[in-house]
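A.B. asks: any chance you could fold what I've pasted below:
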Amino acid sequence: MLKLKDKKELTADLAIRQARLPMKVIIPLSQHIGKAVNPIVKTGDVVKTGQLIADLREDSVSAPVHSSISGKVLAIDDLAHPVLGRARAVVIASDGLDQKEEFKPIASAETAGRLSPGDIRKAVLAGGIVGMGGAGFPSHIKLNPPKPVDSFILNGAECEPYLTSDNRLMIERTDEIIQGIGLVARCVGAKNVYIAIEDNKPDAIKAFSRKLAGTGYRLKVLKSRYPQGGEKQLIKAVLGREVPPGKFPFDMGALAHNAATIYAIYEAVYSGKPLYERVITVAGDCLEKPANLLARIGTTIRDLISECGPLKEEPKKIVFGGPMMGIAQYSLDTPIIKTTAGVIFLTESEVKPAEDAFCLRCGRCVESCSLGLEPCMISLAVEKEKWDLAKSYGALECMECGSCSYVCPQGRNIVQSIKYAKMRLK
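C.D. replies: Sure, this is the predicted structure:
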């Protein structure tokens, strides 16, 4: 694992603030692993904040989508998407009123103990909750593991540079997160609960230290290393259990959720609130006013610049997510989605230029790979278009953390070549 310059000082001490209501949102119908959902609204319909606008396909891995503002549906079209490039989305113009759908909680603090796992999963499904720290796996499915789970881990690592949205949630919403942990632990039957936080988040560590008495939950302070926030890496760091290639965390009796997901689950159960807004970090040396914003899903980069600008200089790259695993964007009209933890505006000096250089066989990428792969060999196989060879070296096991490219003395695009191999193999 790597020790990175984390750049979290830009926003770590900035409290979460509500972003301005956007005048228009672009809400993609695919914000999760699995199939896109079907719109149940049409152009010209009037919708409320939190109203269901796209529903599940039957028998599919998916999650419903809700409107993030009140107003009129302008269009349903293929538009910019932060992960897929382009995807079908619902465009809604705000009426400026932010009229909310009536939310119905399924439990209070007094009655939550009587909820069944099925009740909790039903609320999570209705809220459209997905994993908000990475790939966006639908949470109602993850909360129904096919094997017994004995340990649950709150993933508070947030190991990517710049990102501090989970850190601020853990500081400012500690009680709610603890209640959300209780829901998840009961849902999956986990007897052991761990709160794992890296040591570069002292305020979050203090916040939980003061609140855990009597819960039976254990606080695990980890040294800050990248990519420790990966689920497999976190399970090894906290439990000492190795998740072998081809296996899943539940195969090892473990489950992890990040802080934002747990908070969304808490809101779905205790408030009946669907996932139509989330906390994101908007940062980078290009910005005049970096921030941790509670922003509506579908807010565009253009609106975020208006909120956190003006720009001190033109960004060389705009990245959704952190600079290691994030995806560079091509359009200012790209919207944030449920899995967007941050939007980073990088200056020219912060962007490492890619080089078409030869491999030195130095082995640094092998040493840095937390999954024990040989990234250089996968990359060389890709150059020769030997896809079966790339697969044999473990291309499909790669988590795309970017450590290999980061340490390469030649500046080779190793992780990009592995991503290409995965696309060809799938």
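A.B. asks: break the chain down into its domains, please.
C.D. replies: Using automatic domain parsing, the domain ranges for the chain come out as 112-270, 364-425.
A.B. asks: any idea how far apart the tips of the last one sit?
C.D. replies: Terminal residues of domain 364-425 lie 26 Å apart, using CA to CA, to the nearest Å.
A.B. asks: hmm, back to that, so which of the domains of the chain is the most surrounded?
C.D. replies: The highest mean neighbour count among the domains of the chain, using mean count of other CB atoms under 10 Å, belongs to domain 112-270: a mean of 20. Bear in mind the C-beta positions are built from the backbone N, C-alpha and C, glycine included.
A.B. asks: tell me the average confidence for that domain?
C.D. replies: Mean pLDDT, domain 112-270: 96.
A.B. asks: now the domains of the chain in CSV, with distance to E277?
C.D. replies: Listed next are the domains of the chain as CSV, based on distance: least, CB to CB, whole Å:
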stretch, distance to E277
domain 112-270, 10
domain 364-425, 27
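A.B. asks: next, the residue nearest to L163 when sequence neighbours are not counted: phi, psi?
C.D. replies: Counting by CB to CB, 6 or more residues apart in numbering, the nearest residue to L163 once its immediate chain neighbours are dropped is G342, at 4.6 Å. Main-chain dihedrals, G342, degrees, to the nearest 10: phi -170, psi 160.
A.B. asks: just the pLDDT at G342, thanks.
C.D. replies: Reported pLDDT for G342: 97.
A.B. asks: show me what the host helix or strand of F345 is in contact with.
C.D. replies: In this structure, F345 sits in strand 342-346 according to DSSP states H and E. Identification of contacts with strand 342-346 by CB atoms under 8 Å, 6 or more residues apart in numbering yields 160, 162-163, 165, 280-287, 301, 304, 311, 315-323, 326, 336.
A.B. asks: just the buried residues out of those residues, in PyMOL syntax.
C.D. replies: Per 16 or more other CB atoms under 10 Å, the buried members of the contacts of strand 342-346 correspond to this PyMOL selection:
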select buried, resi 160+162+163+165+280+281+282+283+284+285+286+287+301+304+315+316+317+318+319+320+321+322+323+326+336
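A.B. asks: among the contacts of strand 342-346, which are located in strands?
C.D. replies: Counting by DSSP state E, the contacts of strand 342-346 place 280-283, 317-320 in strands.
A.B. asks: pick out the most distant pair among the residues you listed.
C.D. replies: I280 and K317 (17.1 Å; CB to CB).
A.B. asks: where do the strands sit along the stretch 201-350 of the chain?
C.D. replies: All strands of the stretch 201-350 of the chain, identified by DSSP state E, counting those that start in this stretch, fall at 218-222, 254-258, 277-283, 291-296, 317-320, 327-328, 342-346.
A.B. asks: sheet partners, orientation included, of the fifth one?
C.D. replies: Next to strand 317-320 in the sheet, as set by DSSP bridges, lie strand 327-328 (antiparallel), strand 342-346 (antiparallel).
A.B. asks: I'd say C401 and G229 touch.
C.D. replies: No. At 9.3 Å, C401 and G229 do not qualify as touching, with contact defined as CB atoms under 8 Å.
A.B. asks: residue contacts, the nearest residue to L14 once chain neighbours are set aside?
C.D. replies: Excluding the flanking residues, the one nearest L14 by CB to CB, 6+ apart is N292, at 5.4 Å. Counting by CB under 8 Å, 6+ apart, N292 touches 11, 14-17, 164-165, 168, 279-282.
A.B. asks: next one: S368 relative to E348, how far apart?
C.D. replies: Note on S368: its distance to E348, by CB to CB, to the nearest Å, is 25 Å.
A.B. asks: now the helices for the protein?
C.D. replies: 117-126, 139-142, 165-172, 174-188, 202-211, 231-239, 259-270, 301-308, 364-368, 375-383, 387-392, 403-407, 414-425 (DSSP state H).
A.B. asks: could these go into TSV alongside distance to D98?
C.D. replies: Formatted as TSV, these follow (distance: least, CB to CB, whole Å):
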stretch	distance to D98
helix 117-126	21
helix 139-142	26
helix 165-172	22
helix 174-188	22
helix 202-211	30
helix 231-239	35
helix 259-270	17
helix 301-308	15
helix 364-368	46
helix 375-383	47
helix 387-392	49
helix 403-407	42
helix 414-425	39
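A.B. asks: rewinding a little: buried deepest among the strands paired with strand 317-320, which one?
C.D. replies: Of these, the one with the most neighbours on average (mean count of other CB under 10 Å) is strand 342-346, at a mean of 27.
A.B. asks: chain center to it: distance?
C.D. replies: 14 Å (CA atoms, centre = their mean, to the nearest Å).
A.B. asks: swap in stretch 203-223?
C.D. replies: That offset, for stretch 203-223, works out to 22 Å (CA atoms, centre = their mean).
A.B. asks: quote the end-to-end distance of that stretch.
C.D. replies: 15 Å.
A.B. asks: which residues sit against that stretch?
C.D. replies: Residues contacting stretch 203-223 (CB under 8 Å, 6+ apart): 12, 156-157, 167, 170-171, 174-175, 178, 181-182, 192-199, 228, 237-238.
A.B. asks: residue contacts, the residue most central in space within the chain?
C.D. replies: Centroid-nearest residue in the chain, with CA atoms, centre = their mean: G133, separated by 2.3 Å. By CB under 8 Å, 6+ apart, the contact set of G133 is 155, 166, 229, 257-258, 260-261, 339, 341.
A.B. asks: got CSV for those residues, with distance to A357 too?
C.D. replies: Output for the contacts of G133, formatted as CSV (distance: CB to CB, whole Å):
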residue, distance to A357
N155, 35
D166, 36
G229, 30
H257, 40
N258, 36
A260, 38
T261, 39
T339, 33
A341, 32
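A.B. asks: out of these, the closest to V47 would be?
C.D. replies: Minimum distance to V47 across these is 22.5 Å, recorded for T339 (CB to CB).
A.B. asks: is it correct that the closest one is in contact with P28?
C.D. replies: No. Judged on CB under 8 Å, T339 makes no contact with P28 at a distance of 10.6 Å.
A.B. asks: who has more neighbours, the two?
C.D. replies: With neighbours defined as other CB atoms under 10 Å, T339 and P28 compare such that P28 has more, 29 against 23.
A.B. asks: what residues are up against the residue of the chain most remote from its centre?
C.D. replies: The C-alpha centroid of the chain is most remote from L360, which lies 34.4 Å away (CA atoms, centre = their mean). L360 sits next to 409-410 when contact means CB under 8 Å, 6+ apart.
A.B. asks: one more: the one 5 residues further on?
C.D. replies: The contact partners of C365, taken as CB under 8 Å, 6+ apart, are 374-376, 403-405, 407-408, 414.
A.B. asks: next: E277.
C.D. replies: Residues near E277 by CB under 8 Å, 6+ apart: 68, 294-297.
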